[in-house]
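K.L.:
Sequence below, structure please.
(2 chains)
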2 protein chains.
Amino acid sequence: MSAVQVIPERSGTAFRLAAGERLVVIDPRGEQVADLLAFNADDTDEVISSGRTLDYAEKIWLTTGDLLYSNRSNVLLEIEEDTVGRHDFLLTPCSYDTFHHFYPGLEPHRGCFGNLVAALAPYGIVADRIPVAFNCFMNVPIDAETGRLRVLPPISRAGDHIAFRARRDLIVGLTACSAPDSNGGSFKPIHYRIEPAA
Amino acid sequence: MSAVQVIPERSGTAFRLAAGERLVVIDPRGEQVADLLAFNADDTDEVISSGRTLDYAEKIWLTTGDLLYSNRSNVLLEIEEDTVGRHDFLLTPCSYDTFHHFYPGLEPHRGCFGNLVAALAPYGIVADRIPVAFNCFMNVPIDAETGRLRVLPPISRAGDHIAFRARRDLIVGLTACSAPDSNGGSFKPIHYRIEPAA
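P.N.:
As a prediction, the model looks like this:
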């Protein structure tokens, strides 16, 4: 078993994930969101696309067996295991601007967006290239009549996880989310581990 | 009244829209989708963002009074008028690849994606920069229990329209959509006109 890595609360990281390797994202305490991005390591203009993925999947909530497509219609990741079954793929990572908007009384934070920009900079990926993230454990129900969305606490409990198999060599960005509403009001770490190709 | 422009069936165009000008997108026959993109004319790395917009709007279906935000959290367009009230902002424009996927028995078409790529090329905007479009008149209901989405015929009728006020100088891409399911099975033109700043 490979070592578990820790993403401290309200921070982010980036790393290479080789084709065939498996990324396991773990919520160690429960009710904590992790924003995930994946770029083609050989050409970072190719990136996961919510619009392509939801179109092919014909649903907005993905789980075991579902595929994450790129803006070029290639599969970058496959969800192999999921003990939660509720994640978001509609919303862009929280940012300094969204903090201003949603939490005017709180000290603004650079959020997952700022954390991803910093973590991805060494790979030559800039802020404007950050699309809608796959927000692991984020719980965003939709009212089917009005289209109204709500950001509720995740339904994940301590130890829950979601596992992705890489279909290409990837650069992955991953955070422990910084927005109060997304995480049930408290900020907690995210754990992950990388398992070798089967 | 400014002249009405015609986008022939299964094609697309691009044009400048100055800050303050109003773009009226018209469905002349009913049940026809128009994919819309808007880029900051002074820096085309800034583009409408579904993820930012849905987050700020706290809903997935936009209509009169709602704002379309960019990836940099700036308002690019405001919806000033809408006689339909159902549009999609979840899905990426149909493409050669999506035709292969959804319509294996039909001759593949470059779709709105290919049409937008061609129309935006003179402005220096390349395929990888095309995000989720604001799909005028596209009818994509969601099952709130399962997250399942369906692409149904638009509810727009002949003469229905949606009007956008530009908040910045923009490059706009606009199509008459090419995918059978999105348009009730037949391909029709889209009309538009640009009205001067109030």
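K.L.:
The least confident helix or strand in chain A by mean pLDDT and chain B, are they touching?
P.N.:
Using mean pLDDT, DSSP states H and E, helix A:96-102 stands out as the lowest-scoring helix or strand of chain A, at a mean of 90. Yes. Residues of helix A:96-102 contacting chain B under Cβ under 8 Å from any Cβ of the partner chain: A:97, A:98, A:101. (Glycine included, C-beta is placed from N, CA and C.)
K.L.:
can you pick the most crowded of those residues?
P.N.:
Neighbour counts for these peak at residue A:98, which has 22 neighbours (criterion: other Cβ atoms under 10 Å in any protein chain shown).
K.L.:
That one contacts residue B:58, doesn't it?
P.N.:
No. Using Cβ atoms under 8 Å, residue A:98 makes no contact with residue B:58, being 11.6 Å away.
K.L.:
just to revisit the earlier point, from the residues of helix A:96-102 next to chain B, which is closest to residue B:17?
P.N.:
For the residues of helix A:96-102 next to chain B, the residue nearest residue B:17 by Cβ to Cβ is residue A:97; the value is 23.6 Å.
K.L.:
Just confirm the closest one contacts residue B:73, I think it does.
P.N.:
Yes. Under the criterion of Cβ under 8 Å, residue A:97 makes contact with residue B:73 at 3.7 Å.
K.L.:
From residue B:61, how far out is the residue of chain A most remote from its centre?
P.N.:
Distance from the C-alpha centroid of chain A peaks at residue A:145, with 27.3 Å (Cα atoms, centre = their mean). Per Cβ to Cβ, to the nearest Å, residue A:145 is found 10 Å from residue B:61.
K.L.:
which residues are common contacts for those two?
P.N.:
Shared contacts of residue A:145 and residue B:61, defined by Cβ atoms under 8 Å, 6 or more residues apart in numbering or on different chains, are absent.
K.L.:
Any stretches of chain A with poor pLDDT?
P.N.:
Flagging of chain A using pLDDT under 70 yields the residue ranges A:1.
K.L.:
same thing but 50
P.N.:
Within chain A, no stretch has pLDDT under 50.
K.L.:
Which parts of it are helices?
P.N.:
A:50-57, A:96-102, A:111-120 (DSSP state H).
K.L.:
For residue B:151, find the nearest of those.
P.N.:
helix A:50-57 (8.5 Å).
K.L.:
who touches the closest one?
P.N.:
A:60, A:62, A:66-71, A:73, A:89-90, A:131-132, A:134, B:50-51, B:90-92, B:98, B:101, B:131-133, B:149.
K.L.:
who's in contact with stretch A:98-109?
P.N.:
Contact partners of stretch A:98-109, identified using Cβ under 8 Å, 6+ apart, comprise A:10, A:94, A:96, A:111, A:113, A:178-181, B:52, B:55-56, B:73.
K.L.:
quick one: which of the residues you listed has the most company?
P.N.:
residue A:94 leads these on contacts (other Cβ under 10 Å) with 31 neighbours.
K.L.:
Report the spatially nearest residue to that residue, omitting neighbours in sequence.
P.N.:
Using Cβ to Cβ, 6 or more residues apart in numbering or on different chains and skipping residues adjacent in sequence, the residue nearest residue A:94 is residue A:111, 3.7 Å away.
K.L.:
and chain A, which of its residues are near chain B?
P.N.:
Residues of chain A lying close to chain B by Cβ under 8 Å from any Cβ are A:45-46, A:49-52, A:54-56, A:58-61, A:71-73, A:90-92, A:95, A:97-98, A:101, A:128, A:130-133, A:141-144, A:146-150.
K.L.:
repeat that for 6 Å
P.N.:
A:45, A:49, A:51-52, A:54-55, A:58-61, A:73, A:90-92, A:97, A:128, A:132, A:142, A:144, A:147-149 (Cβ under 6 Å from any Cβ of the partner chain).
K.L.:
Buried ones among those?
P.N.:
Buried subset of the residues of chain A next to chain B (neighbour count, 16 or more other Cβ atoms under 10 Å in any protein chain shown): A:49, A:51-52, A:54-55, A:59-61, A:73, A:90-92, A:97, A:128, A:132, A:142, A:147, A:149.
K.L.:
now do the same end-to-end measure for stretch A:54-68.
P.N.:
Stretch A:54-68 has its terminal residues 9 Å apart, counting by Cα to Cα, to the nearest Å.
K.L.:
Distance check, residue A:117 against chain B.
P.N.:
Using Cβ to the nearest Cβ, to the nearest Å, we find residue A:117 at a distance of 12 Å from chain B.
K.L.:
Can you tell me the closest non-neighbouring residue to that residue?
P.N.:
In this structure, residue A:117 finds its nearest non-sequential neighbour in residue A:127, 4.7 Å apart by Cβ to Cβ, 6+ apart.
K.L.:
tell me the contacts of residue A:77?
P.N.:
Going by Cβ atoms under 6 Å, 6 or more residues apart in numbering or on different chains, residue A:77 touches A:38, A:68, A:164.
K.L.:
what pairs with the closest residue to the second one other than its chain neighbours across the strands?
P.N.:
Beyond its immediate neighbours in the sequence, the residue positioned closest to residue A:68 (Cβ to Cβ, 6+ apart) is residue A:77, lying 4.2 Å away. Per DSSP bridges, the residues bridged to residue A:77 are residue A:68, residue A:166.
K.L.:
List the contacts of residue A:152.
P.N.:
For residue A:152, the contacting residues are residue A:139, by Cβ under 6 Å, 6+ apart.
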